[in-house]
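Q: With the sequence up front, the predicted model follows.
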Amino acid sequence: MSARRVAALLLAGAALGGCGAKPEPDLSKLAVTGTVDISPAPGAPDAGTVAGHRAGVAATTRHTLFRFVGRVKPPGAAVTLTPPAGRAASVRHKAHGSFSAEVRKLHRGANRFVLRGTTPGLRPWTLPVSVTRK
């Protein structure tokens with residue numbers, strides 16, 4: 001068999017080997033997703049109420065501390081809560097993508113935060129959170 005013929009057979013075999021294979025998913029189109037339950041987490045020291053879903057989530061409280069829970073996918077995504085200057089916020093990661101968030105030192109009026117879920121290779125999930133202290 002000639003070298004040309006061997007090369008042609010190898011190319012044909014390689015081309016046929018790819019037939020029927022599923023295309024690789026485009027990871028650039030995938031994103032972290034999440035949900036939030038803004039009603040107070042169990043054991044929260046206040047009785048926050050849902051104030052609406054105005055391009056994010058909002059709650060109202062009479063206290064300087066407010067806790068809420070949520071879930072992200074994929075479960076290993078990192079969740080952060082970015083507070084306004086001078087305010088304290090923390091996120092505790094739990095099993096299966098669950099998390100609890102706590103905002104402290106709330107001043108009277110609206111306190112705005114950004115909740116963000118990230119994982120390498122996926123677009124981040126962001127959600128504005130507003131907690132109004134009366």
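A: Structure's in. What do you need?

Q: Next, Pro75: phi, psi?
A: phi -60, psi -20 (degrees, to the nearest 10).

Q: And the nearest residue to Thr118 once chain neighbours are set aside, how close does it get to Val79?
A: Spatial nearest neighbour of Thr118, excluding adjacent residues (CB to CB, 6 or more residues apart in numbering): Pro124 at 4.5 Å. Where you see a C-beta, it was placed from the backbone N, CA and C, and this is true even at glycine. As judged by CB to CB, to the nearest Å, Pro124 and Val79 stand 10 Å apart.

Q: Now for these two: what residues contact both?
A: Arg116, Gly117 (CB atoms under 8 Å, 6 or more residues apart in numbering).

Q: Looking at the two, which has the bigger crowd around it?
A: Val79 (22 against 14; other CB atoms under 10 Å).

Q: I figured the more buried one hits Lys94, correct?
A: No. At 10.1 Å, Val79 does not count as touching Lys94 under the criterion of CB atoms under 8 Å.

Q: neighbours of Ala85, just the number please.
A: For Ala85, the number of neighbouring residues by other CB under 10 Å comes to 4.

Q: Parallel or antiparallel, which strands does the helix or strand hosting Val69 pair with?
A: Taking DSSP states H and E as the criterion, Val69 maps to strand 66-73. The pairing partners recorded for strand 66-73 under DSSP bridges are strand 33-37 (antiparallel), strand 98-104 (antiparallel).

Q: Cheers, nothing more for now.
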